[in-house]
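[1] Okay, sequence plus prediction incoming.
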Amino acid sequence: MPRIVLVVFDGLNPELVTPELMPNLCTFSEGGVRLTNHRPVFPSVTRLNAASMVTGCFPGTHGLHANLSLVPDYHETELMDALEPQLTELRRKAGRVLLT
C-alpha cells in the first residue's frame, strides 16, 4: 500500500506559491498532486474543512460546526471548542488516538 502525505495550507492563496515567493513549497508542490478545482465548505474554517475533506461529508453529517463540535460524552447540548483540554481526557477514556 502506498504511503500518502496530505499537506494542507489553510487559507493560502495558490497564486502566492511561486518560485520567487515560496521556492521550497513551489518545488514540493511540483513533485506531487495539487488540487486546483476544490471548494471549501461554509463557513470556511480549518477544522470544519479538514473534517469534510477526510470524511467526504458536509458539516451537518460529521458534526463539526465552525471550530466547534458536539461531543455527547462531554455535554449533550453544549458545543466544545476544538482545542479544549477535555478532548484529551475523552480520548484517554475511549482508548483512542486524537489527531489535530
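    Thanks, I have the structure now. Numbers count the residues shown, from 1 in each chain.

[2] how near is the spatially most central residue of the chain to N67?
    Nearest to the centroid of the C-alpha atoms of the chain, with distances taken as C-alpha atoms, centre = their mean, sits A50, at 2.3 Å. A50 sits 10 Å away from N67 when distances are taken as C-beta to C-beta, to the nearest Å. Heads up, the C-betas are built off the backbone N, CA and C, glycines and all.

[3] need the helices for this protein, in chain order.
    In the chain, the segments counted as helices under DSSP state H are 23-30, 46-55, 59-62, 86-94.

[4] shaky segments in this protein?
    Confidence mapping of the chain against pLDDT under 70 gives the ranges 82-88, 96-100.

[5] please redo it, this time with the cut-off set to 80
    Of all residues in the chain, those with pLDDT under 80 make up the ranges 10-11, 33-39, 42-44, 63-75, 78-100.

[6] list the contacts for the residue of it most remote from its centre?
    Outermost residue of the chain with respect to the C-alpha centroid, by C-alpha atoms, centre = their mean, is E20; its distance is 27.8 Å. E20 sits next to no residue when contact means C-beta atoms under 8 Å, 6 or more residues apart in numbering.

[7] Any chance of the backbone angles for it?
    The main-chain torsion angles of E20 are listed as degrees, to the nearest 10 and equal phi -80, psi -40.

[8] any idea how far V54 is from the nearest residue to D10 once chain neighbours are set aside?
    The spatial neighbour of D10 that comes closest, neighbours along the chain excluded (C-beta to C-beta, 6 or more residues apart in numbering), is T46 at 4.8 Å. Noted for T46: a distance of 13 Å to V54, by C-beta to C-beta.

[9] Next, count neighbours for V41.
    Using other C-beta atoms under 10 Å, V41 has 17 neighbouring residues.

[10] thought it was touching T55?
    No. With contacts counted by C-beta atoms under 8 Å, V41 stays clear of T55, the gap being 10.9 Å.

[11] This completes my enquiry, with thanks.
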